[in-house]
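Participant: Quick one, fold the following:
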Amino acid sequence: MEIVTTQYKHCDLIKPIGRIDSYTAPQLETMLQALYDDDHFKIVIDLNEAKYMSSAGLLVLVCLQKTGKSHNRGEILLAGTPEPIKSAFQLAGFDKLFNFYHDTISAVASF
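Facilitator: Residues are numbered from 1 along each chain as shown. Just a heads-up that it's a prediction; the model follows:
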């Protein structure tokens, strides 16, 4: 998996490319945790080019979302989520924890 990051004035954009599974989820977690450690709590994750997300990837996002919201500083927004990945969020009941946006522009603009 490759991760492309872009920093904007009001948020950070993370774009994972490829599979997010038990092997690559720690890489995503490390990157997101580094943003949190630098007090960057407003994050948009563009999943448009994510091919697959396992429960390990879901867990990383849920845990970090809860951390950000518990400090009441920001949140993780999901943009361009492919239908199979969105269905995984819905089946696990995690879709209520996230705001989903059709595209990255609208997600970034919401901050």
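
Participant: got the contact list for the longest strand anywhere in the chain?
Facilitator: Looking across the chain with DSSP state E, the single longest strand is strand 12-20. For strand 12-20, the external contacting residues (CB atoms under 8 Å, 6 or more residues apart in numbering) are 1-7, 24, 28, 31-32, 35, 40, 42-54, 56-57, 104, 108. Yep, even glycine has a C-beta here, placed from its N, CA and C like the rest.

Participant: Quick check: buried residues in it?
Facilitator: Buried residues in strand 12-20, counting neighbours by 16 or more other CB atoms under 10 Å, are found at Asp12, Leu13, Ile14, Lys15, Pro16, Arg19, Ile20.

Participant: just how off-centre is that strand within its chain?
Facilitator: Taking CA atoms, centre = their mean, to the nearest Å, one finds the center of strand 12-20 at 8 Å from the center of the full chain.

Participant: Quick check: next helix or strand after that strand?
Facilitator: helix 25-37 (DSSP states H and E).

Participant: Point out the other helices and strands that the helix or strand following that next one packs with.
Facilitator: Using DSSP H and E, the helix or strand that directly follows helix 25-37 along the chain is strand 43-46. Helices and strands touching strand 43-46, by 3 or more CB pairs under 8 Å, 6 or more residues apart in numbering; DSSP states H and E, are strand 12-20, strand 76-79, helix 104-109.

Participant: what about the ones you listed, which gets the closest to Ser87?
Facilitator: strand 76-79 (13.1 Å; CB to CB).

Participant: Do me a favour and average the pLDDT over that closest one.
Facilitator: On average, the pLDDT along strand 76-79 is 96.
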